[in-house]
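> Let me see the structure of the following:
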Amino acid sequence: MSVKKERPSKGRWEERTQAPLLALAVVFGIAYAVPIVAPGAEPWVLRLCHYAEWAVWGAFALDYLVRLCLAPARWAFVRSHSLDLLAVLLPLVQPLRLLRVVSTLLLVGRRARMAPQITLTTYVAGAVVGLMMFGSLAVLHVERDAPEGNIKTLGDAVWWSFTTMTTVGYGDHAPTTGLGRVLAVGLMLSGIALLGVVTANIAAWFIARFERDDAVERRQTELLEALTREVRELRAEVARLSGPVPPQAGAGPEDVPEAEAEAATAPRA
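Below is the predicted model:
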C-alpha cells in the first residue's frame, strides 16, 4: 500500500495565504489612493487609510516571518529572498509612506510570481497596471504642491506615467522635485524591463508555434512514407500471389501453342 507524500508546511502555507494576501494588496491600493485623490476627506477616513496601509504591510511582513520559520534551511531562504527581507525592513528603518508603497509592491509581486495559476501574460499586465497606478499617485502626491511642478491633476499624472513607462517622454509633464525624478527613473527602468518581458514572451510564442507546425509536418511526412512502404509491400504480395497459371495435367509443352491457337480461333458466343 503506497503512502501519499505530504506537502511541506511552507508550501501549504503559501498556497493557503495566496488569495488573502492578494486581496489585502487591493485594500492597500485603495487605502493609498484615497488620501491622494481626495485630500479633503474626513480625518477619520484618512486615519483609517493610514492604519490600513500599515496593517497590510504588517500582514506581508508576518507572512515573510512565517515562511522563514517553516523553511527547512533558513539561511538559504534568507539568501534567496533577500529582496523580500529588504522590503520588510525598509519601512521600519525610515517610516516614509513611499517606502511602504515600494515594499508592499515588492512583496505583492513576489507572491504573485509564486502563484501557479497566474500566467506570465496576466502577471505582466497586472504589473503594468499596478506600476502605472502607483506611479501616477506617487508622483501626484510629490509634485502637486511643488512650486514649479506641472503635474497638478490625476489626469496629468496618469499621462506622465504612461509616457514614462513606454519611454516616449513627450516632455509636456515632468517632475521637478528630487523625489519625483527618482520615481521617474524607477518607472522608466520598470517600463523597459516589462517591455523586454513582453517582447521575449511574444518571440517565445512564435517560436513555439513554428516548432509545433514543423512537428505536424514531420508527422505527416512520416505517415506518408509509412503508407508508401505498405503500398509497395502490398503490391509485391499481390504480384507473388497472382503468379503464372500452372499447366494442365497430361499436357506437354508442345501442346501449349496448339491449345492457345485453338482458343484464339474458336468462335465467341
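> residue boundaries of the helices in this protein?
9-37, 43-70, 74-80, 82-93, 97-114, 120-143, 154-165, 178-241, 255-265 (DSSP state H).
> could those be laid out in a markdown table, adding mean pLDDT?
Below are these laid out as a markdown table (pLDDT from 0 to 100):
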| stretch | mean pLDDT |
| --- | --- |
| helix 9-37 | 80 |
| helix 43-70 | 86 |
| helix 74-80 | 83 |
| helix 82-93 | 69 |
| helix 97-114 | 60 |
| helix 120-143 | 78 |
| helix 154-165 | 87 |
| helix 178-241 | 83 |
| helix 255-265 | 50 |
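> Can I get these in a markdown table including distance to Asp172?
From N, CA and C alone the C-beta is placed, and that goes for glycine too. A markdown table is the format used below for these (distance: least, Cβ to Cβ, whole Å):
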| stretch | distance to Asp172 |
| --- | --- |
| helix 9-37 | 21 |
| helix 43-70 | 31 |
| helix 74-80 | 43 |
| helix 82-93 | 33 |
| helix 97-114 | 24 |
| helix 120-143 | 14 |
| helix 154-165 | 8 |
| helix 178-241 | 14 |
| helix 255-265 | 104 |
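> okay if I get those as JSON lines plus distance to Gly171 and mean neighbour count?
Converted to JSON lines, the helices of the chain look like this (distance: least, Cβ to Cβ, whole Å; neighbours: other Cβ atoms under 10 Å):
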{"stretch": "helix 9-37", "distance to Gly171": "24", "mean neighbour count": "16"}
{"stretch": "helix 43-70", "distance to Gly171": "33", "mean neighbour count": "16"}
{"stretch": "helix 74-80", "distance to Gly171": "41", "mean neighbour count": "12"}
{"stretch": "helix 82-93", "distance to Gly171": "32", "mean neighbour count": "16"}
{"stretch": "helix 97-114", "distance to Gly171": "24", "mean neighbour count": "18"}
{"stretch": "helix 120-143", "distance to Gly171": "15", "mean neighbour count": "19"}
{"stretch": "helix 154-165", "distance to Gly171": "9", "mean neighbour count": "20"}
{"stretch": "helix 178-241", "distance to Gly171": "12", "mean neighbour count": "12"}
{"stretch": "helix 255-265", "distance to Gly171": "104", "mean neighbour count": "9"}
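> so who does the nearest residue to Ile151 once chain neighbours are set aside touch?
Spatially, and ignoring its direct neighbours in sequence, Ile151 is nearest to Glu143 (4.2 Å; Cβ to Cβ, 6 or more residues apart in numbering). Residues counted as contacts of Glu143 (Cβ atoms under 8 Å, 6 or more residues apart in numbering) are Gly149, Asn150, Ile151, Lys152, Ala157, Pro175, Thr176, Thr177, Gly180.
> how about a cut-off of 6 Å?
Glu143 makes contact with Gly149, Ile151, Pro175, Gly180 under the criterion Cβ atoms under 6 Å, 6 or more residues apart in numbering.
> which one among those gets closest to Leu195?
Checking the contacts of Glu143 against Leu195 with Cβ to Cβ, the nearest one is Pro175 at 21.2 Å.
> so the closest one touches Ala184, yeah?
Yes. Counting by Cβ atoms under 6 Å, Ala184 is a contact partner of Pro175 at 5.4 Å.
> now, which of the contacts of Glu143 sits nearest Glu53?
Gly180 (20.5 Å).
> Surely the closest one touches Val142?
Yes. In this structure, Gly180 is within contact of Val142 by Cβ under 6 Å, at 4.7 Å.
> still on that earlier bit, overlap in contacts, Pro175 and Ala184.
If you check Pro175 and Ala184 against Cβ under 6 Å, 6+ apart, no residue is contacted by both.
> Next one: Val56 from Trp13, what distance?
Separation of Val56 from Trp13 (Cβ to Cβ, to the nearest Å) stands at 18 Å.
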